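**Q** with the sequence up front, the predicted model follows.
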Amino acid sequence: MSRIGKKPVMVPANVKVQLEDGLLRVEGPKGKLELRYHPNMRIIHDSEARQIRVERPNDERLNRALHGLTRSLVYNMIVGVTQGFEKRLKIEGIGYQARLEKDKQGQPKLVLNVGFCHPVIVNIPLELTVEVPDPNTIVVRGCDKQKVGEFAAKVRHIRPPEPYKGKGIRYENEVVRRKQGKAPVGAGG
């Protein structure tokens, strides 16, 4: 039995859960999320005990894999609509910075100056909020863990950190492995 899959997910009092043939809807103070889960999995919502359980039909390899995955997705939905998720990005390099601007329709856009001959403009999805507390920090928040991580990875991909000087966009707690660079002339053995 999957150790993760057999643990029930506790549902806080301020979260509404709806189950309809293959679709799980969760609504909380931070937003609404829905999940279309695999038909082999059975999701059971116990409203008296305020918990959700995931069950599998048998011990086939696919069902064992889906058991833990489905439970993790349900747990991330509950955490997302109650607390939300956050990713922080740091920009390092001389002249590298980020700022928020609005386009003609009033939609916010992230503008990055990261060493290219032109600023890079990134559209921000509607379900995410992006803050730039200072020019070298980007904070991405949202209730969907996958979308928060995907947008943060997209921004990091524009200028990933390079190994010699460490310039680029990295996650806040990411450690960039540094290389030595050129050795001085005549230093070789």
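**A** Thanks, I have the structure now.

**Q** not counting sequence-adjacent ones, nearest residue to the spatially most central residue of the chain?
**A** The centroid of the chain falls nearest to Gly149 when counting by C-alpha atoms, centre = their mean (2.3 Å). Nearest residue to Gly149, sequence neighbours excluded (C-beta to C-beta, 6 or more residues apart in numbering): Lys87, at 6.4 Å. (C-beta placed from N, C-alpha, C; glycine too.)

**Q** partners of whichever strand or helix holds the one you found, with directions?
**A** Assessed by DSSP states H and E, Lys87 sits inside strand 85-92. Within its sheet, strand 85-92 is paired with strand 137-142 (antiparallel), strand 168-171 (antiparallel), according to DSSP bridges.

**Q** give the residue spans of this protein that score low on pLDDT.
**A** Scanning the chain for pLDDT under 70 picks out the ranges 1-2, 186-189.

**Q** quickly list the domain ranges of it.
**A** The chain breaks down by automatic domain parsing into domains covering 9-82, 85-171.

**Q** can you redo the ones you listed as a markdown table with distance to Gly181?
**A** As requested, these are arranged in a markdown table below (distance: least, C-beta to C-beta, whole Å):
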| stretch | distance to Gly181 |
| --- | --- |
| domain 9-82 | 41 |
| domain 85-171 | 5 |
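
**Q** between those domains, which gets nearest to Lys182?
**A** Lys182 lies closest, by C-beta to C-beta, to one member of these: domain 85-171, at 9.4 Å.

**Q** would you map the helices across the chain?
**A** 61-82, 145-158 (DSSP state H).

**Q** just these: most buried one?
**A** helix 61-82 (a mean of 18; mean count of other C-beta atoms under 10 Å).

**Q** elements contacting that helix?
**A** strand 9-10, strand 23-28, strand 31-36, strand 51-55, helix 145-158 (3 or more C-beta pairs under 8 Å, 6 or more residues apart in numbering; DSSP states H and E).

**Q** neighbouring contacts of it?
**A** Residues from elsewhere that reach helix 61-82, judged by C-beta atoms under 8 Å, 6 or more residues apart in numbering: 2-7, 9-12, 14-15, 24, 26-33, 35, 37-38, 40-41, 43, 52, 54-57, 85, 142-145.

**Q** separation between Val111 and Pro29?
**A** 31 Å (C-beta to C-beta, to the nearest Å).

**Q** Leu100 too?
**A** For Leu100, the distance to Pro29 - C-beta to C-beta - is 25 Å.

**Q** check Pro184 too.
**A** For Pro184, the distance to Pro29 - C-beta to C-beta - is 60 Å.

**Q** and these two? Which one has more around it.
**A** Using other C-beta atoms under 10 Å as the criterion, Pro184 and Pro29 rank with Pro29 on top: 12 against 6.
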